[in-house]
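Peer 1: Okay, structure incoming, though there's no sequence with it:
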C-alpha cells in the first residue's frame, strides 16, 4: 500500500511541477502571437509610408526577434509540447505570409 501512495504522490508532484512550465510557454506564445499581429499591422502601414509606423517598426522588429529567439531556444531544449510547437509554426507562418504578400 505504501508503494501506491508514493507513486500517486510522485505523479501529483510531477504534474504540479510541469504545469507552471507549460503555462509559462503558453503565455509566451500568446504574447508572441499578439506582438506579431501588431508588428504586421505596422509593417503594412510602413510600406504605405505611415511615419508613425515607420518610427515604431525597427523597435518592434527587434522585440519580435527577441521573442522568437526565446521560443527557438525553448524548442531546441525540448521544453515545448507538440501543441505548443504547432502553434509556434502557425505564428511563424503568419509573418512569412505577411511579408511575402
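Peer 2: Received the coordinates, thanks. Source: prediction; values computed, not measured.

Peer 1: Low-confidence stretches in the protein?
Peer 2: In the prediction, the chain carries residues with pLDDT under 70 at positions 1-22, 101.

Peer 1: residue boundaries of the helices in it?
Peer 2: For the chain, applying DSSP state H gives helices covering 2-47, 51-76, 82-100.

Peer 1: Kindly present the ones you listed as a markdown table, with separate columns for mean neighbour count.
Peer 2: The way it works is simple: take the backbone N, C-alpha and C, and place the C-beta from them, glycine included. Below are these laid out as a markdown table (neighbours: other CB atoms under 10 Å):
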| stretch | mean neighbour count |
| --- | --- |
| helix 2-47 | 13 |
| helix 51-76 | 14 |
| helix 82-100 | 13 |
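
Peer 1: Next, work out how far apart residue 93 and residue 50 are.
Peer 2: Distance check for residue 93 against residue 50: by CB to CB, to the nearest Å, it reads 25 Å.

Peer 1: just checking, residue 26 touches residue 84?
Peer 2: Yes: in this structure, residue 26 is within contact of residue 84 by CB atoms under 8 Å, at 6.7 Å.
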